[in-house]
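Asker: Need a 3D model of the following:
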Amino acid sequence: MDNELENQEQKLEQMLEQIKEMFFEFGIKNLNMDDISHKLGISKKTLYRFVKSKEDLLTRLFEYDQKKWVESMNLLGSQSDNAIETLFKVSLMVYEEMKRFNPMILFELRKYYESLYNEFHNQRLAIISRSMTLNLKRGIMEGFYRQDLNNETAVAIYMNYLVEVHTNAEVCKIANVTFDELFRVMFENHIRAISTPEGVDYFEKRKKEIIESLNNNNN
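Answerer: Sure, this is the predicted structure:
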């Protein structure tokens, strides 16, 4: 019985990966359950074996996405040499996800599934906040971040930058810069604000490679 449930969960996760790409491409409102089942190459009856409704489908998609985020955050932290490297990788992951999130999708989620969107959006912010709080503590222990930081304030300011730049496209238009350029400046300013001289020195040595990583990630 356990194997059957596990197999069903794996099949659902495979479908959710495909459905997520569909939503990115076509939007949420434009796709009904008939469209989704057709594009998956299964019957609607089969689709309803996994989810009860479109709202239930979105709930499962959000839950799956949150699980992947936690796994990715943990992996980035364990694979990075220090807090600055981790912060860059986590920031880049957040940034890339935001770039993919078409403003129209956000509009549709807020209009048609507001409570569902708010619940999982707040959960996502909490995940990012916890990751960045742990990053600050790690950086302080490593001697790369200042010991006099107010962790909650530093995290709140940086997260506000990330969200504001994404949700307010006018910021880029007014400044006449691309989202990529703004992200690079924002990340560097944040590092310089929270780092010790040792942290700034490390960042300066790695700055070129970090910028190249960002450029390569966008090609």
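
Asker: Quick check: which element contains the closest residue to residue 20 other than its chain neighbours?
Answerer: Nearest residue to residue 20, sequence neighbours excluded (Cβ to Cβ, 6 or more residues apart in numbering): residue 61, at 6.2 Å. Every C-beta, even on glycine, is put in place using the N, C-alpha and C of the backbone. Under the criterion of DSSP states H and E, residue 61 resides in helix 54-79.

Asker: for the residue nearest to residue 20, what are its contacts?
Answerer: 16, 19-20, 23 (Cβ atoms under 8 Å, 6 or more residues apart in numbering).

Asker: so where's the protein uncertain?
Answerer: Where the chain drops to pLDDT under 70, the residues are 1-6, 164-177, 210-211, 213-219.

Asker: Next, work out how far apart the closest residue to residue 31 other than its chain neighbours and residue 35 are.
Answerer: Sequence neighbours aside, residue 22 is the residue nearest to residue 31 in space, at 6.0 Å (criterion: Cβ to Cβ, 6+ apart). For residue 22, the distance to residue 35 (Cβ to Cβ, to the nearest Å) stands at 8 Å.

Asker: Please enumerate the shared neighbours of the two.
Answerer: By Cβ under 8 Å, 6+ apart, no residue touches both residue 22 and residue 35.

Asker: Between the two, which is the more surrounded one?
Answerer: Higher neighbour count among residue 22 and residue 35: residue 22, with 16 against 13, using other Cβ atoms under 10 Å.

Asker: Next one: the residue nearest to residue 31 from residue 194, what distance?
Answerer: On the measure of Cβ to Cβ, residue 22 and residue 194 end up 39 Å apart.

Asker: And for residue 140?
Answerer: Residue 140 is 9 Å from residue 194, by Cβ to Cβ.

Asker: Among those two, which residue is more densely surrounded?
Answerer: Per other Cβ under 10 Å, whichever of residue 140 and residue 194 has more neighbours is residue 194, with 25 against 19.

Asker: Can you give me the domain assignment for the protein?
Answerer: The chain breaks down by automatic domain parsing into domains covering 1-50, 53-217.

Asker: center of the chain, which residue is that?
Answerer: Centroid-nearest residue in the chain, with Cα atoms, centre = their mean: residue 94, separated by 3.5 Å.

Asker: which residues touch that residue?
Answerer: 128, 162.

Asker: what helix or strand does it sit in?
Answerer: Residue 94 belongs to helix 83-100, assigned by DSSP H and E.

Asker: After that helix, which helix or strand is next?
Answerer: helix 103-112.

Asker: Compute the inter-axis angle for that next one and helix 54-79.
Answerer: Angle, helix 103-112 to helix 54-79, by axes from the mean of the first three to the mean of the last three Cα atoms, to 10 degrees: 130 degrees.

Asker: Now whichever helix or strand comes after helix 103-112: buried residues?
Answerer: Downstream of helix 103-112, the first helix or strand assigned by DSSP H and E is helix 114-142. Neighbour-count burial for helix 114-142, counted by 16 or more other Cβ atoms under 10 Å, picks out 117, 120, 124, 127-128, 131-132, 134-136, 138-140, 142.

Asker: With residue 191 as the reference, measure out to the residue nearest to residue 20.
Answerer: From residue 61 to residue 191 the distance is 34 Å (Cβ to Cβ).
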